[in-house]
Each structure stands twice: as C-alpha cells, then as structure tokens.
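A.B. asks: prediction below, plus the sequence it came from.
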Amino acid sequence: MRSESVMAWIRLIRLEFARVVRSGGVAAAVLLLLGLGVYAGWQGNRRIHAAQAAAAAAETAYRDQLAYLSSIYPPTTEAGELLYYLAFPAPQPPSRLSALASGRTRVETASLRIRLLALEGQLYEHETLNPRLAAAGHLDLAFILIALLPLFVIAVTYDIVSGERERGTWRMARLFARPRRLIAAKVAARVVLATGLVTSMALIGAFSTGIDADGRAGWAVALIALHTLFWFALCLGVAGGRRSSTANAMILVGVWVALTFLAPAVLSLTNSLLHPVPEALELTVRQRQGYHEAWDLPRAETMESFFEDYPQWSDWTVPEDEFTWAWYYAMNHRGDQAARDASRAYRDILTRRDEWARRWSRLVPPLATQIALDRLSAADLGTQLAYQESVRSYHERLKAHFQPLLFSAAPIAQVDWERVPTFEPAAPTGGASQAGLPAAATLILISICAVLPRLRPRPSRDS
Amino acid sequence: MGLRNTLLVARRQIGTMRDDRYVLFLLGLVVSLGVVSVLGARHHTASEAEQRARYQSLVERQWAEQPDRHPHRVIHYGFLVFREEAPLAFFDPGVGAYAGTSLFLEGHRQNAASFGDARHSTGMLRFGRLTPAAVLALLLPLFVVAAGFASVSGEREQGTLRLLLAQGATPGQIMGGKVLGVGAVALAAALPIGLVTAAFGTAGGDGQTSATRLLALAAGYAAYLAGWVLLTVWVSSRRSSSRAALAQLVVIWVALCVAAPRLGASLATTLHPIPSRAQFTAQVEEAQRGVGDSHNPDDPFFSALRDEYLARYEVATVEELPINWGGVVSREGETITSRIQEEHQQELLTAHRRQDRLMAWLGLLSPYLAARDLSMAAAGTGAEAVEAFRAQAEAHRYDIIQRLNDLHVHEIKYDNDRAQRIARQEWTRFPVFQPSPPSLRRALTDRPHSLAALGLWIVLPLAGLGLGRRRLPRVGVDSSGS
C-alpha cells in the first residue's frame, strides 16, 4: 500500500514533468538559460584570467622597473633616490568563485602598485573600465541564477491551477488525485526541472573555472538552491489561490520587479543618503596639504611628528640645511598623518554602508542571496576594505624595512632586493558559514511565510 | 465619424483601466517611485555638488595662499580638481558613478581620477539605481504593458471586439483608440515625474540650457514610451488570449530592458578587451623608459638638447647659459612624458569608443539602450562629459606645469637652483580651472545610432499595427488558438 502510493506519486510527477518539458516555450527557455549559463561561465573564466594577468603585470612591472632603475643609477647612489620611483606590487589574486559571482570586482582596482611615498593618495585610483559599459550592468552566472531564473520559475508555475481551471481540465485531473496532492506533484515536477537547471549551471560554472568544491562553493550552491525554492514557494503561494492566470502572472511579475529591481534600488539610495562620504575628498586635500606644508616647516618639526609614530628613531636628528631622504620620507609620512582621521572616517562610513546593506538586504531574498554570494566570492565592499587594509600594512612593512637604510643614507648597493617584504593578500572577510548562514535562514523563513497560506487546511471547494 | 469612433474606443479603454484596481495601484506606485526618486536623487546630487564645490574653492584658496616656493616644488604640489556633475545629473546620473570624481594634477604624470560613487556602493548597486531616468526607462514600460496587454485581446475574449466591429468601428479606429487610451494612462504616469523634474531642473543654474535639455529629455522619453504603447497594443491585437499577450510582452521587456544591456556590455568587453590599470601603467612606464629620461644624466635626447642650447647661445657649458638649464630639462621632459601618456590614454579611449560603438549598434535592437544613451546625452552625463572633463583637466595640468617650468627657466638661476624661491604673488596669476561641458548639440549628433533606434522603435510597431489591421477580426477565430 505504502510503496504503491509512492509509485503513484512518482508516476504523477513523471507525467507532469513530461508535460512541462514538452511545451515548446519551456524547452526554449531551458536552452536559452543554459546557453546564457555557458556564456557567463566562459566569461567569468576570462575575467579571472584578466585579473590574474593584472596581478602578474604588477609583479612584472616591478621587476622591470627595478632592473631599469638599477641600470641607470650607479650603486653608490643613495637608496632613497631609487626608492622614490620604485612602485612595489600589491597583487590580490581573484577568488575563483568570483568567476560566477563577480560582485564589485569590476569597479575595484585589485592589483595596485605602491611607492614608499605618502600612501593615501595611492589607494583610490579608478580602474581603466569604460564607464558606459559599467553603467549598463554586467552579466555573470549569479545574475542569471538570481534575476532571470525566477522568471523561468514564474513562467512554469503561475498557471498550475488556474490554467487547468481555465481550460476546464481541473475537474478531470481531480479524478486522478486529491487537489493538494496534484498541486504538490505539479510543483515537484517543476522543482525537479529547476534543480536540474541549477545543477547543470553549477557544473558548467565549476568546470569552466575549476572552482574547488570547498565550503564557500557549497554555500553558494546551497543559497542559489534555496533562493530558487523561495520563488517556488512564492509562486505556489500566489498561484495556488483562486485568481485567474493573468492575475497570477501580473502579481508574480510585479513581485519579481519589486524584489529584484525596486527594493535594491530603494535600499541603495537610502543607504547613500544615510551614509554620505565627504571624507573621500577631505582625505585627499589633507594628505596633499600635510605633505607639502612640511617643505616650508623647520625639519625638526616634521621629524617630531614622524617620531610620534616611529619612536625607535627619535634619537636621530636630521640636518636643517641639507636634503636627506630620511626627512623626505618623513614629510610623506606627515601627509598620511594629516589624512589619518579623514581616512579612518572614510573607512568607517564605508564599513557602516556595508553592514547596513547586509542587514537590510535580509528583507529581500534576491538581495540577501546576492550580497551573501558577493561575500562568499570575496567581491564585496568589505573585502575591498580588507584589501586596502593589507596594502596599508604592506606599506608599513616596507617602511620598516627601508627606514634603517634611509636613516643611514645607505647606497643602493647595500639593498638586498631578495629580502624586501612581499605583499600578503587579504583573506576573505568572515568564514563561509558566517556569510551563508544568515541569508540561508532568511530564505527559508521567507519561503515558509510565502507558502503558509496554502498549507492551511481549508474547505475544498474546487470548481 | 472616424475620429469619434477612435475617441470612443480610447475613452472605453481608459474606463477599463480606471476600474482595474491593479492598474491603479501600479500607477500610484510608479508615480510615487518617480517622485521619490526625483527628491532622493536631487538631495544626493545636491549634497555631492555642494561638497565638490566646497573642496574646489578650498583647493583654489590653498593654491593662492602658497608661500614663496621654488617652481618645481609647486609642480609637485600640483592641483586638485573635482568633477562637477551636470545640473540634470539628479534626473539621469548617467555614467557619473563609474567615473572618478577627484583628479590630482601634478608634474611628470597623468593620474587617474579617484573616488567614484560606484566604489562607495555595496553589491546592491548591480540591480540598478533608483533614479527618475530608471523609473521612466525601465519601470514605465512595464506599467504600460500591465495597463495595455489586454487592450485588444481582452475585448476579444469578452466577445466585445466583434460588437465594436459590428457597430461600425473599423479595425484601424479600434487600434487607434486603444493606442490613445493606453497612451493617456502612460502620460498620466510620466507627467508627474516630468513636472517634478522640470521644477527642479529649471530652478537654479543656467535656466536656458536646462530648458533645452529638459525638452530634449521630454521628446526622447515621449518617443520611447510611445513605442512601448504601440508595441503593447500591437501584441495585444495579435494574440487570442490576454494571458499570451502578457507573457509575450513580459518576455520582450526582460529581453530588451534587462538582458540586452548586460549582454551587450559583456560582449563589448569580450570583443574589445582593455588593459587593466596595472597593465596600462606598466605600458606607460615601459614607453617612457629610455625616451628622454630627464633624470638620467647620460640620456641621449637630453645630451643632444644640451648641445643644441649651447650652440644656440654660443657658450661652452650649461652654467654659462642665460637661462636655467635645469628648468629647460624639466620643461622638455614634461613635453615628452605628457605626449607618451596622452598617446596611451588615447589608445585606451579608442578601445572604449570601440566598445561604445558596439553598444550603439546593439541599441538598434534594444530601444532601452538607445533611450538611456540619449537620456544621458540630454542630461549631460554621458561618457563624453567625463572625457571632456579629463581632457580639459589634462590641458589645464599641462598648462600650469609648463608655466611653472617657464618660471624655473627664466626666474630661477642655475647656480644654487634649489635654494631660490618665486614670490607668493605669482601664484594668484595662474589660470583657474574652468571646465566647459560638451554642448547638447554635440552630444546628440554624436549618437546617430540611438536616434535611429528610437525612430525605428516607433516605426516598427506602427507598421505592424497598420499591416495587422485587416487581420484583427480573424485572430483567434480561424487560427487554431493561441
């Protein structure tokens, strides 16, 4: 009896599945989505290669520049002079997962090169990207799965009940199974179809980019699956009712627009109004002024403020009437000191923006999914701030390394280039489950809310 | 008689939509979103503009208040410029968010701009921004679809289409009336947004320019939305069921407004790749290496230059020159590095323009792209405005740097060069940076593709309606269903 009912159940799903797949539009849509998925996977792979090339270019440029500078300056030249020109590479290798969810990677400069001079002026230059293309938006696998796949879900579910009713086949269908079971079978068949789509896209993505099946990738797939299930729950919640197919379609498309475009746009605008960023310009102006003023100040004064941060050198005095590289780099440090408060405020406000976005995005399933994916693939604002932080610490390590040479006015010959510190890329912010869990919980909760009206027993009066 | 029938049908259509709670709800939603977006974006751009103006005047004051300084010191002190957005940026921010806002102008190098809005944004931005332009270009078409998908097919489903035809209305009159009716509702949605925009757009700033630009915007969006109204009625007239019409229209909307721009941008990046900032910088460094390195005493270019100067002034050593040789080296070096950097910059811009051209051609397929393109042009926030700023800032940079080098050549003695200073009064004689944005005419004539696309966007559904006129009574009757 029990196994018989399971068999009947499976037969029902198979029947329904065949019906869905055979309708012309659905097959075309599946092919289109798969085609887009393949394209996006390939595209993501290219993007990763481009980012790796940029990182390699930064390294190569450093070595070329070092070789050139070493060739034109005699080894007796003070190291400070060569270091004035030399830009050290700080390449951040792209996260593999960002091939699928590229997040903000396009607007960020990931492979900076920094000189030993004041740092604040070197962190924020724009990428070479074409602003017009950037304004048009970009296509990655995440966008297809988060924004376009729900439309497919809507298209196959909006008339599961109303369609039969309008065609007059509902009564007949009810002869074979109880209505709720029938609806469940219909939804199950479509979930199987969508799961197949998501799985093939995930496989396409994994194979085209060589992503490791680690915790982050696992969470990404889980979130996409939950997000798709959320849309099924929502569609079931709406389409399981007694409205006409047309009304269902209008409502569902309306909800899709509201969740995928309106809510993010409204939240984004609110976020920027709540957290303005005047500090960006402030820190620029202050750094420039802080450094250049020093030229017209007594050198001891500049050195005093330098010693505040590097007390280990406070025994040294620099001559007032003679140029020294120790003083020159101390002036540069003064620029960073002048910008320090503004720079910290700038980072604080961006961190607040990031946190605000994460908090409020939980109300909007597509946004929660997107922001969690950005985090998993290390393509969010927090990761960018972490990158800037590791560039800062690299700059500090470089300074610590070269200060003895600068203070002793050592010649280039004394620099051991092999021992120069190298950049340590920023680790992704937060663990995988820390990024994935809140979004997953949100998706499950909202899905249950969406489908709740259909789970309540009610008088079956299906006409 | 003909016009009366058309107007009757239009009134009937308006009546249907007025009774539809869903359409009314959407109308309210679109209008309030539009108005909220105007207010929000206006507030945002106003505070941004205020900041940039404040810092710009601070930087100008700091420049003028410099103490006595050696001109080469000032070359490194440089100048900061902040990109001012066009007055109508609150309506359509265009590409502004993706371009930097502050640019440091100094000697020896062309810096890239820093701090664009997009870099201060979270991952939410990728779904789009709430701006009046986005409401008009993205959401209003969907509203038109929602209001009009059943315009003809609904009549057909209820059997009233045959009644209308029997009462003597021709198919042309019916479709004309439907277009007018749906168009009226679209106008009802667009007008409040337009009026609020106009109220803010003409207030303050150069009223004359803004008025012309506002008119251009109004014309562009009117044409764009008219195309959507025509398309909606056309599709509705070709489908036997409203449900099929709705499905088809939603698919068209997603394809044109959501998929096409992103796919287009992606294709353009793939077909015309550009170097990353790291690669670009490396290329510039490589090109500069060896070509007239002013810091290299043995550089062949500067050796030759020195011999030329010595011969011209008939002296044996640079110390004997009546002018400062150090300044000459700096001036010539600037000429060379600027040229090399500008060449690379132009190469990059050429690649950008190739990408833009691909997008322009795609605009023929996606009126959304064309409408947004024209909207940016009319608002003065297109890529050409960003490039004009960059080019003018570079010209300004070159000008002040070479003025400073001239001071170095003529006012500073070669002997004990570094210890000398130029008196502070000199700094106030320097020109102030006054960018002039590209004209509306230029911006529009540079976009023939988009103008053509918008024309096509009206002509095609209009032709479809005209040709499909005769078939109207037969749809869903002699075919075997949807």
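C.D. replies: Cool, got the structure.

A.B. asks: now the strands for chain B?
C.D. replies: B:79-82, B:102-105 (DSSP state E).

A.B. asks: by contact count, what packs against the longest helix belonging to chain B?
C.D. replies: Secondary structure assigned by DSSP state H gives helix B:21-64 as the longest helix of chain B. Applying 3 or more Cβ pairs under 8 Å, 6 or more residues apart in numbering or on different chains; DSSP states H and E, we find helix B:21-64 packed against helix A:245-257, helix A:263-274, helix A:279-293, helix B:2-19, strand B:79-82, helix B:132-134, helix B:140-148, helix B:171-202. C-beta: built from backbone N, CA, C; applies to glycine.

A.B. asks: which one of the ones you listed lies closest to residue A:431?
C.D. replies: Among those, the nearest to residue A:431 by Cβ to Cβ is helix A:263-274 (24.8 Å).

A.B. asks: so how far is the closest one off the chain centroid?
C.D. replies: Taking Cα atoms, centre = their mean, to the nearest Å, one finds the center of helix A:263-274 at 18 Å from the center of the full chain.

A.B. asks: which residues touch it?
C.D. replies: Helix A:263-274 has contacts (Cβ atoms under 8 Å, 6 or more residues apart in numbering or on different chains) with A:353, A:356-357, A:360-361, A:363-364, A:366-367, A:370, B:36-37, B:40-41, B:43-44, B:117, B:120-122, B:124-125, B:127-130, B:134.

A.B. asks: before we move on, what about stretch B:456-469?
C.D. replies: Taking Cβ under 8 Å, 6+ apart as the rule, stretch B:456-469 contacts B:170-172, B:175, B:179, B:223-224, B:226-227, B:230-231, B:233-234, B:237-238, B:364, B:367, B:370.

A.B. asks: same thing but 10 Å
C.D. replies: B:170-176, B:178-179, B:223-224, B:226-235, B:237-238, B:256, B:363-368, B:370-371, B:472, B:475 (Cβ atoms under 10 Å, 6 or more residues apart in numbering or on different chains).

A.B. asks: same check, this time on stretch B:401-409
C.D. replies: For stretch B:401-409, contacts defined as Cβ under 10 Å, 6+ apart pick out B:69-79, B:105-108, B:321, B:323-335, B:338, B:417, B:420, B:422, B:426-427, B:429-431.

A.B. asks: narrow the contacts of stretch B:456-469 to just the buried residues.
C.D. replies: Neighbour counting by 16 or more other Cβ atoms under 10 Å in any protein chain shown classes B:171-176, B:178-179, B:223-224, B:226-235, B:237-238, B:256, B:363-364, B:366-368, B:370-371, B:472, B:475 among those as buried.

A.B. asks: narrow these to those in helices?
C.D. replies: Mapping the buried ones among the contacts of stretch B:456-469 onto helices (DSSP H) picks out B:171-176, B:178-179, B:223-224, B:226-235, B:237-238, B:363, B:367-368, B:370-371.

A.B. asks: and for residue B:39, the neighbour number?
C.D. replies: Using other Cβ atoms under 10 Å in any protein chain shown, residue B:39 has 14 other residues around it.

A.B. asks: identify the residues contacting it.
C.D. replies: For residue B:39, the contacting residues are B:90, B:132, B:196, B:200, by Cβ under 10 Å, 6+ apart.

A.B. asks: does the last one touch residue B:90 like I think?
C.D. replies: Yes - counting by Cβ atoms under 10 Å, a contact exists between residue B:200 and residue B:90, whose distance comes to 6.7 Å.

A.B. asks: between the two, which contacts overlap?
C.D. replies: Common contacts of residue B:200 and residue B:90 (Cβ under 10 Å, 6+ apart): B:38, B:39, B:41, B:42, B:45, B:46, B:132.

A.B. asks: in those, find the pair that's most separated.
C.D. replies: For the shared contacts of residue B:200 and residue B:90, the maximum inter-member distance is 14.3 Å, found between B:46 and B:132 (Cβ to Cβ).

A.B. asks: neighbour count: these two, which is higher?
C.D. replies: residue B:132 (32 against 14).

A.B. asks: what sits against the more buried one?
C.D. replies: Listed by Cβ under 10 Å, 6+ apart, the contact partners of residue B:132 are B:33-42, B:88, B:90-93, B:193-194, B:196-197, B:200-201, B:217, B:221, B:375, B:379.

A.B. asks: what's the answer for residue A:306, then?
C.D. replies: With the criterion set at Cβ under 10 Å, 6+ apart, residue A:306 makes contact with A:294, A:313-314, A:316, A:318, A:326-327, A:329-334, A:337, A:403.

A.B. asks: good, we can wrap up now.
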